[in-house]
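Engineer: Just a sequence and a predicted model for now, questions to come.
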There are 2 protein chains.
Amino acid sequence: MSLKNVLDASSVAVVGASRKETKRGYQAVKTLIEEKFEGQIYPVNPKEESILGLRCYPRVSDIEAPVDMALITTPAGTIPEILVDCGKKGVAGAVIIAGGFAEAGEDGQDLQGRIVEIARKNNIRIIGPNTSGMMNLRKNLNLVGLRDVPRGRIALVCQSGNMALALITEASIKSQQGFSYYVGIGNEADLKFHEYLEFFQDDPNTTAILMYVEGMRDGRKFLQQAYQTTRRKPIVMLKSGRSATGKLSAGSHTGALAGMSEVARTAFRRAGIVVIDNSDELFPSAETLASLPHIRNNRIAVLADGGGHATIASDNLTDLDVDIPPLEEKIRERLRRILPAGASVRNPVDIAGGADENPGIFADCAEILLHDAQIGGLLIVGLFGGYNIRFAQSLAFVEEDAAHRMGKLVKATRKPIIVHSLYNFARPHSLDLLRYYNIPVYDSLEVACKCMACLSEYGHYLRSYHAREKFVFSKGRKSRRRGREIFRRAREEGREALYEHEARELIGLHGVPVSRTYLALSEDDAVQAARDIGGPVALKIVSPDILHKTEAGGVRLNLKTASEVGEAYRAIVEGAGKYDPHARIAGVLVEAMVEEGLEVIVGTKIDDQFGPVIMFGMGGIMVELLNDVVFRVLPISERTARRMIEKIRSVRLLNGFRGRPPVDKRAIKELLLTVSEIVGSYEDIQEIDLNPVIVHDKGLSIADARIILRKDKGSNNW
Amino acid sequence: MSLKNVLDASSVAVVGASRKETKRGYQAVKTLIEEKFEGQIYPVNPKEESILGLRCYPRVSDIEAPVDMALITTPAGTIPEILVDCGKKGVAGAVIIAGGFAEAGEDGQDLQGRIVEIARKNNIRIIGPNTSGMMNLRKNLNLVGLRDVPRGRIALVCQSGNMALALITEASIKSQQGFSYYVGIGNEADLKFHEYLEFFQDDPNTTAILMYVEGMRDGRKFLQQAYQTTRRKPIVMLKSGRSATGKLSAGSHTGALAGMSEVARTAFRRAGIVVIDNSDELFPSAETLASLPHIRNNRIAVLADGGGHATIASDNLTDLDVDIPPLEEKIRERLRRILPAGASVRNPVDIAGGADENPGIFADCAEILLHDAQIGGLLIVGLFGGYNIRFAQSLAFVEEDAAHRMGKLVKATRKPIIVHSLYNFARPHSLDLLRYYNIPVYDSLEVACKCMACLSEYGHYLRSYHAREKFVFSKGRKSRRRGREIFRRAREEGREALYEHEARELIGLHGVPVSRTYLALSEDDAVQAARDIGGPVALKIVSPDILHKTEAGGVRLNLKTASEVGEAYRAIVEGAGKYDPHARIAGVLVEAMVEEGLEVIVGTKIDDQFGPVIMFGMGGIMVELLNDVVFRVLPISERTARRMIEKIRSVRLLNGFRGRPPVDKRAIKELLLTVSEIVGSYEDIQEIDLNPVIVHDKGLSIADARIILRKDKGSNNW
């Protein structure tokens, strides 16, 4: 169901409307009237006849005409009854302001469950609860009570009322860009982040989506949607709750789980989202992405008047991985012709006082720089807009002319300009002109640099966009009959994990060569198996009741002769009996000893927000010493598998370190892809732990494999 | 010589004074008059009789009365002659505005050398050249041409004119704190960073020093001075030129070497300087440190109205290593009594709408929190100052009362409060009141958090201040006669490095046990030496002409019998002859084989800015794989030596990793201190390279030692 009737509602009932001026129910009605909502307003309050000149209804179901939306301002306890009544009326959506739900402990959680159930039954979509409301600024549908919100092309989705207030305030005092919609996500009880994305993706009045997120209830659906949306328009996001204290704070605020930060960050980036860490940069980044063309090649020019800002900009842009390439000689020559002798015509270009009598020189330089094919965008830092203040008033007209020229230059070249100016605070006309041309102007050098980097990052994403990063599993389609049997049997036997040989078999079924193993049920079996394998073998106990095999004396390595094998078999069985007399023993696994190579680890687990994630890490000393691992949300594409391998800090160990031949990275990649496929193919898997995996010059050997079963099979939503 | 006559000059000659309004020489005179300079102004221009009503002199030496300072606005080429004339007059200092010196290539460098020489001869101290000027704001001595600079207690030392303009503009529009002095460092040709520090340290009107630095000519002197200064007042610094492009930009700007960023950063921190990376945070940090008491225990409380800001503040403060401890139950109980039910009384405290009708609750909470002994400071985030805008105008008075109470609270408790407010832009009276009480108010949550962290960092430095971090060598006092002999002989023989056995002997002389080595001059010598050592030995060629011993077949390891030793001796000598028939051969070194242990590396080199620095790193695979090394400016204290060891990323390898016993960290520390002492004791050392050093459970062995001699011995200034 589309959210059209909800977010573009033509009629609104205000439940809890009031005549008391301090009440939200009064302010809600007043705001709708004063902001000139284009549709019908129906105050609802059994105790009043009329409010602010509008007829008041006892209940929503008493309203004669159709009602799209209900804004409910009454306390938590009253909500179920009101929703039932809204259902009678066929209301499409409800904004529930009240707190006291999932964020407020168990009782609140139960109540939240109840209202979601009622809403589902009655086909009502809920925004909130515990939300500041929503706004559709094109229709003047303002259900928040904030006034004079600047209109523009940014859709704002926010999980904090005061962050929304901060962002809206910033827009109205510092920008000419504003908002198309605002949604306060609140507890995300019914309508979820991804559903809003889907709506804004198709909204012609929205060119960028700005999100503040504390925690998501369905991160996987969000990624699936975001990956679609970012192909059409940029998403800028700040995700808070990185720190332990931050997580607690977010939890007490919206009742959401903040999840694993690093998993979230890379997952959002893979879906094309521009992730922001500093809240000062959040609105500017969205403003820039909503207003300017992105950068096509990550190569920009910096234009400064004076060395300090040029130096700091260089440092910042370098930290942000934006390239500031040296200019070609023909471009330098053109710049030299118009700049004073002390100027620097490398990149950054420092006009060194060349604008003191003629700030028009900024536009001259901008034209030369943006017409250079290798330059994808221009950052101007310093005093532009203030030469009339600093030097002579008459320069104002020259600056205004330069602003017009730069504005047209952006249109003509489809390359962005961003301006940092010390004089932004004075709001000189030239800077307002730049804004008119959608060129953002910032007081902060750091913010200006970051915005440039956002244009570059988003441009890079679109250029390198890869159709297979959909975050969608093939859900069972690639499962094998034998694989399903393995899981079924383990379930039937009430086990919590597969046996190691089953885990190996499963991996083998999906195409990764695994060495042959035998489940020996007697000493003779074991000796025969060792003979078949040829070469030294390892023996391992197989028991659903013994998790720590080594502790139980259940592992013997490097057995070379029949008598060694026989002795080991007896010792293992005997040891297991001593370790736990009640342990069920399924047999003893006989496998070939693994050849030498480099230890790595591959594993999967299930994240609160995103469902299954995969981990790849360097094994042995590196994982213990440096925790040298990377995580990705599953499933992964071939490209992501390759990137995981390259992202490991000690990747040089894989590449033929110290004269050793390189190990088989292709085999690691295939293993990662196979594990991804397996997790997607069977719903039974809680955790996979392949540790260690020994990688050779050619191929790899899985030295130990563990697959733990899900307890709540079937409840997954990924 | 004190800088009193320079920075507190009572009379100023303006050389190049002009009647033309666009000339710097006109503006300079006009500014001094209009800003009401308390002393005498003497325009100097041979072509004019008077300027702006003041009598004009042909030359400085023509002025009858004493002249403290000359502000020289004429071009580079005219400076030498003018300085000579100033010298005749006994002028104490000169500000040289012109560029065209060291920043402009070789000719400029020569010219700079000349003017420095003239100045020295004539007892004139130079500010600049290539500077925007200087200001003493208490005396209205304004040699910059910038007007309306806010007065206050921050001394600003800046190596970029546009950064100075940016910081001064920021102060005047956003703060009530301002400046006591401003100095544009320019090319730092004569007066250097550390000399200004020394002056400001004793200035009673300065409570904090704010620095923007691109490159320093004498980093070591600066550290020595800074370590003194930071005990008296805080220094806040942004050092740019981190990136390669930034370094180039800085170089073309001031001609300074930007040096090694990481060495600089830790050195500044060791000297107690608060190092800032983001230019948005630079003035606020100085303002905060100039205005508020520091935090004594790194534990702060956060007070918010709404979850979003609380969560982001938690994330930021955690990243900045500031502790936000949970509150004790008795404090929580007190808060509960005054806050609404939905409030959170952990830390951060979220008043959750509790101020909508009474923002005075902020002061109530502040009193409870700052009177808690475990809380060292308070950060208030959100809407304070804007409740009258957001809710009801009458709340303005309540907010103003709260501001008075919080201001007095800071005075009474000597604990800081910093406020972040969305409504700062509207300049509500309550926020001006906070500023009156020296409580800074920021629009940016990130900036507010950073300022809190600065108070904490500076407080921590003062608390943990360690008298031995003086960055001063004992300069030869600890040298040994035998050590001096070793260097003398190497010099006499025209060698570039010590022989390995000499390097070992030198280290042994300073107290680190080194295994005995023998320089064998014949096969018999070698065999006898091996017998004396007992156990397996290594043989190494000793030749001033063979640097890469292994390549020349000059190293044989693990020799156990007399015949093995004899054979190895012959092979080495023969191999060396083949490798280079002209190589001088001093003998063959016989040493005991080193026992097993953990490989580390210790080295020293000479940094452009700071002189000798020491490096400690994990050896073997770690240094190649992760470049796991730390640097410190020498000399180091025992505490710094310990910290270097603990800062290594793979430090856990030292601490008894995987069941191995811990290695002897005390021995490493002693080695680092000894190397520090050796570098300080002999002026001959360019580089030391002890690689590898094998650390055992007890003690360590230096497996290879190289000491390279300085070519320019005696030119050092550290």
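Structural biologist: It's in. Residues are numbered from 1 along each chain as shown, chains lettered A, B, ... in the order given.
Engineer: Which pLDDT value belongs to the residue lying closest to residue A:552 once chain neighbours are set aside?
Structural biologist: In this structure, residue A:552 finds its nearest non-sequential neighbour in residue A:579, 3.9 Å apart by Cβ to Cβ, 6 or more residues apart in numbering or on different chains. Quick note: C-beta positions are derived from backbone N, CA and C, even for glycine. The per-residue pLDDT reported for residue A:579 equals 91.
Engineer: Test my guess that residue A:579 contacts residue A:549.
Structural biologist: No: taking contacts as Cβ atoms under 8 Å, residue A:579 lies outside contact range of residue A:549: 9.8 Å.
Engineer: May I ask which helix or strand of chain A has the lowest mean pLDDT?
Structural biologist: Each helix and strand of chain A was given a mean pLDDT (mean pLDDT, DSSP states H and E); the minimum falls on helix A:244-254 at a mean of 67.
Engineer: after that one, next one along is what?
Structural biologist: Using DSSP states H and E, the helix or strand that follows helix A:244-254 in sequence is helix A:261-270.
Engineer: Say whether chain B is contacted by that following helix.
Structural biologist: No: under the criterion of Cβ under 8 Å from any Cβ of the partner chain, chain B is not reached by helix A:261-270; the shortest gap measures 9.3 Å.
Engineer: circling back to that earlier point, how many other residues sit next to the residue nearest to residue A:552?
Structural biologist: Residues within reach of residue A:579, counting by other Cβ atoms under 10 Å in any protein chain shown, total 18.
Engineer: residue ranges with poor pLDDT in the stretch 451-600 of chain A?
Structural biologist: A:466-468 (pLDDT under 70).
Engineer: Okay, helices next: where are they in it?
Structural biologist: Here the stretch 451-600 of chain A has its helices, by DSSP state H, counting those that start in this stretch, at A:481-492, A:500-509, A:523-533, A:562-579.
Engineer: Which positions in the longest one come out as buried?
Structural biologist: Looking back up the chat, that one is helix A:562-579. For helix A:562-579, the neighbour count (16 or more other Cβ atoms under 10 Å in any protein chain shown) marks A:564-566, A:568-569, A:572-573, A:575-576, A:579 as buried.
Engineer: how about the residue nearest to residue A:552, what does it touch?
Structural biologist: Each residue near residue A:579 by Cβ atoms under 8 Å, 6 or more residues apart in numbering or on different chains is listed here: A:546, A:551-554.
Engineer: Just among the residues you listed, which is most surrounded?
Structural biologist: residue A:554 (24 neighbours).
Engineer: so how far is residue A:517 from that residue?
Structural biologist: According to Cβ to Cβ, to the nearest Å, residue A:554 and residue A:517 sit 15 Å apart.
Engineer: Against which helices or strands is the helix or strand where residue A:209 lies packed?
Structural biologist: If you go by DSSP H and E, residue A:209 is part of strand A:208-213. Packing partners of strand A:208-213 (3 or more Cβ pairs under 8 Å, 6 or more residues apart in numbering or on different chains; DSSP states H and E): strand A:151-158, helix A:161-174, helix A:193-201, strand A:235-239, helix A:282-291.
Engineer: Tell me which of the ones you listed is the most buried.
Structural biologist: helix A:282-291 (a mean of 27; mean count of other Cβ atoms under 10 Å in any protein chain shown).
Engineer: Could you tell me the angle between it and strand A:151-158?
Structural biologist: 130 degrees (axes from the mean of the first three to the mean of the last three Cα atoms, to 10 degrees).
Engineer: got the angle for helix A:282-291 vs helix A:161-174?
Structural biologist: Using the same axes, to 10 degrees, helix A:282-291 lies at 60 degrees relative to helix A:161-174.
Engineer: so how far is helix A:282-291 off the chain centroid?
Structural biologist: Chain-centre distance of helix A:282-291: 17 Å, with Cα atoms, centre = their mean, to the nearest Å.
Engineer: likewise stretch A:548-568?
Structural biologist: 48 Å.
Engineer: Greatest separation within the contacts of residue A:579: which pair is it?
Structural biologist: In the contacts of residue A:579, two members sit farther apart than any others by Cβ to Cβ. They are A:546 and A:553, at 9.9 Å.
Engineer: shared neighbours of those two, which are they?
Structural biologist: Common neighbours of residue A:546 and residue A:553 (Cβ under 8 Å, 6+ apart) are A:576, A:579.
Engineer: How many residues are close by residue A:105?
Structural biologist: 12.
Engineer: Apologies, that question was intended for residue A:470.
Structural biologist: Residues contacting residue A:470 under the criterion other Cβ under 10 Å number 14.
Engineer: Contact partners for the residue sitting nearest the centre point of chain A?
Structural biologist: Of all residues in chain A, the one closest to the mean position by Cα atoms, centre = their mean is residue A:268, 2.4 Å from it. By Cβ under 8 Å, 6+ apart, the residues touching residue A:268 are A:223, A:226, A:237, A:239, A:275.
Engineer: 7 Å - rerun?
Structural biologist: A:237, A:275 (Cβ atoms under 7 Å, 6 or more residues apart in numbering or on different chains).
Engineer: sorry, back to before: a markdown table for the helices and strands packed on strand A:208-213, including distance to residue B:647 and mean pLDDT?
Structural biologist: A markdown table is the format used below for the helices and strands packed on strand A:208-213 (distance: least, Cβ to Cβ, whole Å; pLDDT from 0 to 100):
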| stretch | distance to residue B:647 | mean pLDDT |
| --- | --- | --- |
| strand A:151-158 | 40 | 97 |
| helix A:161-174 | 37 | 94 |
| helix A:193-201 | 41 | 97 |
| strand A:235-239 | 30 | 96 |
| helix A:282-291 | 33 | 98 |
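Engineer: With distance to chain B added, can I get those in a markdown table?
Structural biologist: Converted to a markdown table, these look like this (distance: least, Cβ to the nearest Cβ, whole Å):
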| stretch | distance to chain B |
| --- | --- |
| strand A:151-158 | 8 |
| helix A:161-174 | 4 |
| helix A:193-201 | 16 |
| strand A:235-239 | 8 |
| helix A:282-291 | 10 |
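Engineer: Tell me which of those lies nearest to residue B:214.
Structural biologist: helix A:282-291 (26.5 Å).
Engineer: Return the residues of the stretch 201-350 of chain A in contact with chain B.
Structural biologist: A:212, A:214, A:240-243, A:245-246, A:248-250, A:252-254, A:278-280, A:305-312, A:314-315, A:318, A:324, A:342, A:344, A:346, A:348 (Cβ under 7 Å from any Cβ of the partner chain).
Engineer: Tell me how far the residue of chain A most remote from its centre lies from residue B:480.
Structural biologist: Most distant from the centre of chain A: residue A:563, at 57.6 Å, with distances by Cα atoms, centre = their mean. Here residue A:563 is placed at a distance of 67 Å from residue B:480 (Cβ to Cβ).
Engineer: cool, residue A:294 as well?
Structural biologist: From residue A:294 over to residue B:480 (counting by Cβ to Cβ), the distance is 66 Å.
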